[in-house]
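Visitor: Build me a model from this:
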Amino acid sequence: MIVGLMAELEYREGVVWPAERRVIEMPRAVNDAPRARLPQSGRALAPVVGIRLEGERTSRAGKMAVAGVAIGVAGCVLAISLFRGGVIATRAFYAPVFRVDLPLTPEDDYAAVVRTLGQPAAERWDKQYELLAYPQRKLYIILKGPGRGDARYIGAMDWNWRPAHAVDLAGYGSTYGLLRRLPKF
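Guide: Okay, the predicted model is just below:
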């Protein structure tokens, strides 16, 4: 019995593989004609195999998955740009709150405020609230009471009409919530 190999073998990566000898043909020049090749030493020429740049391994499902991911990313970018101050503008804007520490108490009336802070630049009365404007301090002082002579200090608003100072009322908590809901007058 005679044993022989039908194909040439090659040892790679710890495994025996069938040997493959690939011939890569260089591209021809634009005006170059094909040349006839002469076999050397009686051997036949190996067939020339075309080289593909991409394999057909990418399936339709893979392409659809990539397209879906791309559309999803584009949708997320669009949604973020719309909600972040764009067309929809639901972005929350935060501004620093101006807080002051005033030496005023809930027992202080108009005279006590004028003694402490000086004469106001402007005064307004609306229903049960009195507003004293101090532009040099960028504050509105708010007094509350049934009449102008009975109004007491409840807090101060900054120039953007946000509470800047609130006082504690015995048994009732703070006047901060009242100032926050107070419409500008």
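Visitor: quick one, domains of this protein?
Guide: Split into domains by automatic domain parsing, the chain comes to 61-94, 110-181.
Visitor: can you put these in CSV and add distance to residue 22, mean neighbour count and mean pLDDT?
Guide: (Glycine included, C-beta is placed from N, CA and C.) What follows is the domains of the chain, written out as CSV (distance: least, C-beta to C-beta, whole Å; neighbours: other C-beta atoms under 10 Å; pLDDT from 0 to 100):
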stretch, distance to residue 22, mean neighbour count, mean pLDDT
domain 61-94, 27, 10, 79
domain 110-181, 77, 16, 90
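Visitor: Out of those, which gets nearest to residue 11?
Guide: When those are compared by C-beta to C-beta, domain 61-94 sits nearest residue 11, at 34.6 Å.
Visitor: which residues in the protein form strands?
Guide: For the chain, the strands defined by DSSP state E cover 9-12, 15-18, 122-126, 129-134, 139-144, 152-158, 163-166, 168-169, 173-174.
Visitor: and the end-to-end length of stretch 155-175?
Guide: 7 Å (C-alpha to C-alpha, to the nearest Å).
Visitor: likewise stretch 147-158?
Guide: First-to-last residue span, stretch 147-158, C-alpha to C-alpha: 24 Å.
Visitor: next one: stretch 176-185
Guide: 17 Å.
Visitor: export the strands of the chain to TSV and tack on distance to residue 78?
Guide: Formatted as TSV, the strands of the chain follow (distance: least, C-beta to C-beta, whole Å):
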stretch	distance to residue 78
strand 9-12	50
strand 15-18	51
strand 122-126	47
strand 129-134	46
strand 139-144	43
strand 152-158	38
strand 163-166	38
strand 168-169	49
strand 173-174	44
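Visitor: Which one of the ones you listed lies nearest to residue 100?
Guide: Nearest of the strands of the chain (C-beta to C-beta): strand 163-166, 5.2 Å.
Visitor: tell me what that closest one is packed against?
Guide: strand 152-158, helix 176-181 (3 or more C-beta pairs under 8 Å, 6 or more residues apart in numbering; DSSP states H and E).
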